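Engineer: Build me a model from this:
(one chain, ligands or ions: 1)
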Amino acid sequence: MIMPTKSIETIDLPRSSMANTRTLTVVRYGEGANGKKAYLQAGLHADEPPGLLVMHHLMNQLDRLDAEGRIQGKIVLVPVANPVGISQWRYTTLIGRADFNTGINFNRNHLDITDQVSADIKDHLSQDQNANVALIRNSMLNVLADMTPEDESAFLKHRLLSLAGDADIVLDLHCDFLASVHVYTGTSLWPDASDLSAELGAVVTLLANESGDNPFDEACSRLWWDLAEKYPAYPIPAACLAATVELRGSMDLDHAQAKEDARNLVRFLMRRDVIAGVVGEPPTLINDATPLRGVEHVKAPMPGVVVFLKKPGTVVEPGTVIAEIVNPVEPLPEKRITPVKNNAAGVLFSINTDRYARPGRILAKIAGKEPIEGKGKNLLTL
Ligand SMILES: [Zn+2]
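Structural biologist: From the prediction side, this is the model:
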């Protein structure tokens with residue numbers, strides 16, 4: 001007789017108002033199993049719904065696999081990772097990307113506990129790689145347990161990292177405006193993570209070991225290569241494969257597609273021995289990974305209405321007219337239209353849904369193969 005392993009925990013967030021408490025729901029499979037741990041969350045940017053739908057289909061599939069006794073590792077799901085952001089309505093629109101109280105993007109400024117962990121482990125590292133991994137994971141959890149978050153959002157970020165910090169795999173499900181599937185992950189995790197991109201049919205994979213402002217995936221993974229660099233005499237692997245998965249655009253909500261996305265994630269988890277099952281080779285990767293520093297942000301030079309001439313997924317040469325900006329106030333017809341061109345050769349993977357341009361507004365993103373000079377420290381968009 002196979003006993004189901006699924007459990008559901010509801011965590012109260014500390015109140016930020018006198019009368020209301022928000023809750024975070026955590027779903028676990030394979031609790032107590034000795035094996036790898038995978039952590040997946042959706043909706044950290046609370047106004048990005050495709051990940052929430054994929055979670056629904058993923059849980060349906062995991063329920064079946066659990067009933068068959070096939071969860072051999074641990075799987076932790078947070079299907080709605082941002083109860084704060086999902087409460088932020090302005091008139092008829094949910095605005096869930098940044099905290100209304102602080103203006104801080106919910107996927108930035110996650111905790112960086114590298115210094116505390118480093119101080120904790122430095123006298124205990126050895127030549128045994130597995131022992132170092134266990135030591136560092138244990139230290140991460142201890143360091144986090146000793147912290148006292150100040151408010152509701154800080155509590156949320158702290159709790160999400162506490163749930164994910166000791167995982168082998170962390171997948172943070174997001175979406176873009178109008179976009180192809182794309183993945184952000186660490187340079188140190190490539191090509192190891194290539195089966196993730198291949199399985200998901202990602203058109204673009206963007207690599208950086210430090211994207212700037214500590215997004216959630218890097219809060220989980222960057223510590224590993226930072227410690228490896230700090231202690232080169234000891235074997236410290238990149239033990240957490242963390243990635244931000246962009247599931248197309250915010251309007252891409254289709255049951256068949258979300259079900260397929262969930263199946264792709266299950267296949268990835270099977271290949272990684274979290275779930276028992278035989279999977280063959282992953283599909284061929286559509287495009288090799290490119291540096292996050294190589295992403296060109298094609299910006300509007302002037303105000304006007306934007307008409308896109310190219311779709312996400314298109315390979316473009318430099319100087320391609322990606323969009324036109326139309327300003328009907330201009331008296332001369334030839335001056336009413338301004339073509340917007342790119343500089344980098346690469347894959348157009350995202351275009352804006354906002355069709356009112358203003359100077360400097362990012363209209364499109366292109367994954368180029370070469371790093372772009374002068375990008376500075378922060379490689380992600382606001
Ligand atoms: Zn997002």
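
Engineer: near the ion, which residues of the stretch 151-300 of the chain show up?
Structural biologist: Residues of the stretch 151-300 of the chain found near the ion (Cβ under 5 Å from the ion) are residue 174. In this view, the C-beta of every residue, glycine as well, is placed from N, C-alpha and C.

Engineer: Sticking with residue 116, tell me its helix or strand.
Structural biologist: Per DSSP states H and E: residue 116 is located in helix 114-121.

Engineer: For that helix, list every residue counted as buried.
Structural biologist: By 16 or more other Cβ atoms under 10 Å, the buried positions in helix 114-121 come out as 114, 116-118, 120-121.

Engineer: Pick the one among these closest to residue 293.
Structural biologist: Checking those against residue 293 with Cβ to Cβ, the nearest one is residue 114 at 21.6 Å.

Engineer: Please read off the pLDDT at that closest one from the model.
Structural biologist: At residue 114 the predicted local confidence, pLDDT, stands at 98.

Engineer: surely it meets residue 228?
Structural biologist: No. Using Cβ atoms under 8 Å, residue 114 makes no contact with residue 228, being 11.1 Å away.

Engineer: picking up where we left off before, pull the CA coordinates from the next helix or strand after the helix holding residue 116 and hand them back as CSV.
Structural biologist: Remark: after helix 114-121, the chain's next helix or strand is helix 129-145, criterion DSSP H and E. Written as CSV, here are the backbone C-alpha positions of helix 129-145 (Å, rounded to 0.1, in the frame of the first residue of the first chain):
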residue,chain,number,x,y,z
GLN,A,129,32.7,17.9,-1.2
ASN,A,130,29.5,16.3,0.0
ALA,A,131,30.3,17.2,3.6
ASN,A,132,31.0,20.8,2.5
VAL,A,133,27.6,20.9,0.8
ALA,A,134,25.8,19.6,3.9
LEU,A,135,27.8,22.0,6.1
ILE,A,136,26.9,25.1,4.0
ARG,A,137,23.2,24.1,3.7
ASN,A,138,23.0,23.6,7.5
SER,A,139,24.7,26.9,8.1
MET,A,140,22.4,28.7,5.7
LEU,A,141,19.3,27.5,7.6
ASN,A,142,20.9,28.4,10.9
VAL,A,143,21.8,31.9,9.8
LEU,A,144,18.3,32.4,8.5
ALA,A,145,16.7,31.0,11.7
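
Engineer: got a list of what the closest residue to residue 357 other than its chain neighbours touches?
Structural biologist: Once flanking residues are discounted, residue 357 sits nearest to residue 300: 3.6 Å by Cβ to Cβ, 6 or more residues apart in numbering. Contacts for residue 300 (Cβ atoms under 8 Å, 6 or more residues apart in numbering) come out as 306, 325, 340, 357-361, 363.

Engineer: And for residue 378?
Structural biologist: Taking Cβ under 8 Å, 6+ apart as the test, what residue 378 contacts is 211-213.

Engineer: does it count as helix, strand or coil?
Structural biologist: Secondary structure, DSSP: H, G, I helix; E, B strand; the rest coil: residue 378 is coil.

Engineer: what's around the residue lying closest to residue 346 once chain neighbours are set aside, how many residues?
Structural biologist: Leaving aside its chain neighbours, residue 346 sits nearest to residue 368 (3.9 Å; criterion: Cβ to Cβ, 6+ apart). Residue 368 has 20 neighbouring residues, counting by other Cβ atoms under 10 Å.

Engineer: Any buried residues in the helix or strand of the chain with the lowest mean pLDDT, and which?
Structural biologist: Scoring the helices and strands of the chain by mean pLDDT, DSSP states H and E places helix 333-336 at the bottom, with a mean of 92. Residues of helix 333-336 include none that count as buried (16+ other Cβ under 10 Å).

Engineer: circling back to that earlier point, what spatial separation is found between the residue nearest to residue 357 and the ion?
Structural biologist: As judged by Cβ to the ion, to the nearest Å, residue 300 and the ion stand 21 Å apart.

Engineer: Please report phi then psi for that residue.
Structural biologist: Per-residue torsions, residue 300: phi -80, psi 130 (degrees, to the nearest 10).

Engineer: Next one: the helix or strand containing residue 65, is it in contact with the ion?
Structural biologist: Assigned by DSSP H and E, residue 65 belongs to helix 50-67. No. Applying Cβ under 5 Å from the ion, one finds helix 50-67 separated from the ion by no less than 8.6 Å.

Engineer: Skipping adjacent residues, who's closest to the residue of the stretch 1-150 of the chain found nearest the ion in space?
Structural biologist: Closest to the ion within the stretch 1-150 of the chain is residue 45: 3.4 Å, counting by Cβ to the ion. What sits nearest to residue 45 in space, not counting adjacent residues and going by Cβ to Cβ, 6+ apart, is residue 97, at 5.0 Å.

Engineer: Now do the contacts for the one you found.
Structural biologist: By Cβ under 8 Å, 6+ apart, the contact set of residue 97 is 45-47, 85, 105-106.

Engineer: can you tell me which of those are in helices?
Structural biologist: Counted as lying in helices by DSSP state H, out of those, is not a single one.

Engineer: Please produce JSON lines containing those, extended by neighbour count.
Structural biologist: As requested, the contacts of residue 97 are exported to JSON lines (neighbours: other Cβ atoms under 10 Å):
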{"residue": "45", "neighbour count": "23"}
{"residue": "46", "neighbour count": "23"}
{"residue": "47", "neighbour count": "17"}
{"residue": "85", "neighbour count": "25"}
{"residue": "105", "neighbour count": "17"}
{"residue": "106", "neighbour count": "26"}
